[in-house]
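>>> make a model of this:
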Amino acid sequence: MKVLCLDLEGVLVPEVWQAVAAATGVEALQKTTRDIPVYDELMQYRLGIIADEGITLSDIRREIDKLDPLPGAFEFLAWARQSFQVAIISDTFYEFAGPLMTKLNQPFLLCHKLVVENDRIVDYTIRQPDPKRRSVQAFHALNYEVYAAGDSYNDVTMLEEADKGYFFSAPENVCAEFPQYPLANDYAELQALLERT
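Reported below is the predicted structural model:
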């Protein structure tokens, strides 16, 4: 059996924090793991900004509710489920992801949790250290072949550990740094790569 591990933001749905940045006018929230590769540094940066700006969990959820999957994402997932067990391996949070998972027909999701006090996000807890690599290792331990696709620095350990890894619509700087991973620019190209497995 085969498992397909997919990143969420930038692969199936828009970047949540960039949507919040656009809605609030707080440009500093535009940064993603494409800009700050170390996830904890990025999250501490974000937590500081939303504390300073008074942005609540409810504010963020309100913007998430307005987001739709990227064009073609729903159809791609429907295709993928015919050949793979599909797992979304993401650095998002369960408190954010619910509405997006509903719009994607509830795929299996592994991600993190927020620490919330009085509607304020004060911290977060990761599922486990190096969660993307460890997820692939766990599927391998269950005797699955694992294929993976992501768009950024924080996906590299997942691609590295998989039997085959692909970049999906990744920026030039990331692709240049890790040229060993084929690039799919859209779902048709990713489907074509996966059909060769």
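>>> what segments of this structure are strands?
Ranges of strands in the chain, per DSSP state E, are 2-6, 85-93, 108-117, 120-125, 145-150, 164-168, 183-184.
>>> any idea how far D40 is from E15?
Applying CB to CB, to the nearest Å, the value for D40 to E15 is 18 Å. Backbone N, C-alpha and C define where each C-beta goes, glycine included.
>>> compare these two (neighbour count), which wins?
For D40 and E15, the more surrounded residue by other CB atoms under 10 Å is E15, and the numbers stand at 22 against 10.
>>> OK, contacts around G165?
Y147, A148, A149, G150, M158, L159, Y181 (CB atoms under 8 Å, 6 or more residues apart in numbering).
>>> now do it against D7, distance only.
Noted for G165: a distance of 11 Å to D7, by CB to CB.
>>> same check on Y144?
Distance of Y144 to D7, computed by CB to CB: 18 Å.
>>> surely Y45 meets T32?
No - using CB atoms under 8 Å, Y45 makes no contact with T32, being 10.9 Å away.
>>> so these two - more neighbours on which side?
Neighbour totals were compared for Y45 and T32, and T32 leads with 22 against 15 (other CB under 10 Å).
>>> now do the helices in the protein.
Per DSSP state H, the chain carries helices over the ranges 16-24, 39-53, 57-66, 73-80, 94-103, 131-141, 156-161, 172-177, 187-195.
>>> the longest one vs helix 16-24, what angle?
Put simply, helix 39-53 runs at 20 degrees to helix 16-24, going by axes from the mean of the first three to the mean of the last three CA atoms, to 10 degrees.
>>> would you list the phi and psi of the residue sitting furthest away from the middle of the chain?
Largest separation from the mean C-alpha position in the chain: N118, at 26.6 Å (CA atoms, centre = their mean). Torsion angles at N118 (phi, psi; degrees, to the nearest 10) stand at phi 50, psi 50.
>>> against C175, how distant is it?
N118 sits 42 Å away from C175, going by CB to CB.
>>> next: Q82.
28 Å.
>>> out of these two, which sits in the more crowded spot?
Legend: neighbour count by other CB under 10 Å for Q82 and C175, higher for C175 (14 against 6).
>>> do I have it right that the more buried one meets F167?
Yes - between C175 and F167 there is a contact at 5.8 Å, judged by CB under 8 Å.
>>> what do these two both touch?
Common contact partners of C175 and F167 (CB under 8 Å, 6+ apart): Y181, L183.
>>> list residues touching both of G165 and D7?
Counting by CB under 8 Å, 6+ apart, the contacts common to G165 and D7 are A149, G150, M158.
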